[in-house]
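Student: The sequence isn't on hand, but the structure is:
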DNA sequence: CGACCGCAGTCTACAGTGTAGAGCAATCGG
DNA sequence: CCGATTGCTCTACACTGTAGACTGCGGTCG
């Protein structure tokens, strides 16, 4: 089987996404997907060369959903829209989302999103020579933030409580009262605002 | 075995790190670690409750190395130093590094690093109320950048080549000539500089 | 000295993983 | 009607994490 069948690819990806959403990434095995599709595990290998390719396709599929509805608005507005859509995606599919950071977006879907961001940055007045770098800067942050949020890297049992422990954490102690944070919407908005100041330097 | 032995923990972590460095994260199995230590796989369970805990300990160990040598310099300088040390760590241990983003740094080693960053931000003049958020912003970016770099999310077969493909990527086309990038040292430096402008507005 | 205890490590076993290789039933073009 | 192709199944292998039971050894007590 050199050439892959495509007919049931969407159906298979649906099943894979559903499993990851319901039972986590660890439960996303070829056997589980096959069972859900109603087929033996080996049947999947007619549609994807191996599990990695299946995951890549899954990533591509998620990326497609990021294309914003309209081409309207200023560059900054469209940039914001993509950022929020990315974060929304992370909350809808927390288990698979981290794959976006790892499985490099080589798929055409990924490139399409990058192109939209390039365009938005250009429209926002970023010099051509800086656009690719700023794109990487911003999307690295957005992906990292969304992953950290759904993965609990933030919060982590509240800094407040850690501070009470014996270890000497002078800065923590000085910041008691500012350490509690739970409104990630607000924090994400503030971060984006700060990043926008990089893009349009006054 | 309720309580864990600690005697050979460092030796085990050494072995684990070496395996990951040499043969990748996938090769980091309990059996492989055990063999390298010269022991049966089940012996490891006297030192770590399970594989996850072993990986957490490994993360803690990596974090310890981030503590900078000196408390000297301005806040910004120390911040920079930590950022570069983090990136260096990623290049030394590309396979395990991504774990830093996922296994929330609950360990005391992780908190210690956070405290250093807090202090640096305070010294750099960031208002107390903003320190925790800025810490998350900066470290999210630094971790994301380092992971992207060692994982090949950047580069990805060069944007240039993608641009030649049929798909209509107007912004890519317009940016031909600026798309090539390979000096990640310079890019990281530029990104840090931009972030510093957030910290010290003007 | 002998009996005991707990510790460190081993051995076996189980349920689960990704996937190679061969085979089988139905369908379609000539 | 025949042969080829398609779509799938079955079996099997090497590997994973880890539960449970076991063994040999060193030190402490009576």
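Tutor: Now that the structure is in, tell me what you want to look at. The shown structure was predicted, so the numbers you read here are calculated from the model rather than taken from an experiment.

Student: and chain A, which of its residues are near DNA strand D?
Tutor: Taking CB under 7 Å from any atom of the strand, the part of chain A that reaches DNA strand D is made up of A:5, A:7-8, A:34, A:39-40, A:42-43, A:46. Backbone N, C-alpha and C define where each C-beta goes, glycine included.

Student: export those residues to a markdown table and tack on neighbour count?
Tutor: What follows is these, written out as a markdown table (neighbours: other CB atoms under 10 Å in any protein chain shown):
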| residue | neighbour count |
| --- | --- |
| A:5 | 11 |
| A:7 | 9 |
| A:8 | 16 |
| A:34 | 18 |
| A:39 | 17 |
| A:40 | 11 |
| A:42 | 9 |
| A:43 | 15 |
| A:46 | 14 |
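
Student: Tell me which of the residues you listed fall in strands.
Tutor: Using DSSP state E, no member of those falls in strands.

Student: near DNA strand C, which of the residues you listed show up?
Tutor: residue A:42.

Student: Which of the residues of chain A next to DNA strand D sits closest to residue A:168?
Tutor: Taking CB to CB as the measure, residue A:168 lies nearest residue A:34 of these, at 54.3 Å.

Student: I'd say the closest one and residue A:41 touch.
Tutor: Yes: contact criterion CB atoms under 8 Å: residue A:34 and residue A:41 qualify, at 4.2 Å.

Student: any low-confidence regions in chain A?
Tutor: A:1-2, A:69-71, A:156-167, A:201-202 (pLDDT under 70).

Student: how's it carved up into domains?
Tutor: A:1-49, A:68-199 (automatic domain parsing).

Student: Direction-wise, compare the longest helix anywhere in chain A with helix B:131-151 and give the angle.
Tutor: In chain A, assigned by DSSP state H, the helix with the most residues is helix A:131-151. If you take axes from the mean of the first three to the mean of the last three CA atoms, to 10 degrees, helix A:131-151 sits at 110 degrees to helix B:131-151.

Student: Could you list every helix and strand in contact with helix A:131-151?
Tutor: Counting contacts by 3 or more CB pairs under 8 Å, 6 or more residues apart in numbering or on different chains; DSSP states H and E, helix A:131-151 is packed against helix A:75-92, helix A:99-102, helix A:108-123, helix A:184-199, helix B:99-102, helix B:131-151, helix B:170-175, helix B:184-199.

Student: Among the residues of chain A next to DNA strand D, which one sits closest to residue A:152?
Tutor: The closest of the residues of chain A next to DNA strand D, once distances to residue A:152 are taken by CB to CB, is residue A:34, at 31.0 Å.

Student: how much space between the closest one and residue A:149?
Tutor: 32 Å (CB to CB, to the nearest Å).

Student: What parts of chain A come near DNA strand C?
Tutor: Contact residues (CB under 7 Å from any atom of the strand) of chain A with DNA strand C: A:27-32, A:41-42, A:45, A:50-52.

Student: Could you rerun that using 6 Å?
Tutor: Applying CB under 6 Å from any atom of the strand, we find that chain A lies next to DNA strand C at A:29-32, A:41-42, A:50-51.

Student: Among these, which are located in helices?
Tutor: Using DSSP H, these in helices are A:30-32, A:51.

Student: a markdown table for those, including distance to chain B?
Tutor: Shown next, in a markdown table, are those (distance: CB to the nearest CB, whole Å):
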| residue | distance to chain B |
| --- | --- |
| A:30 | 16 |
| A:31 | 19 |
| A:32 | 20 |
| A:51 | 12 |
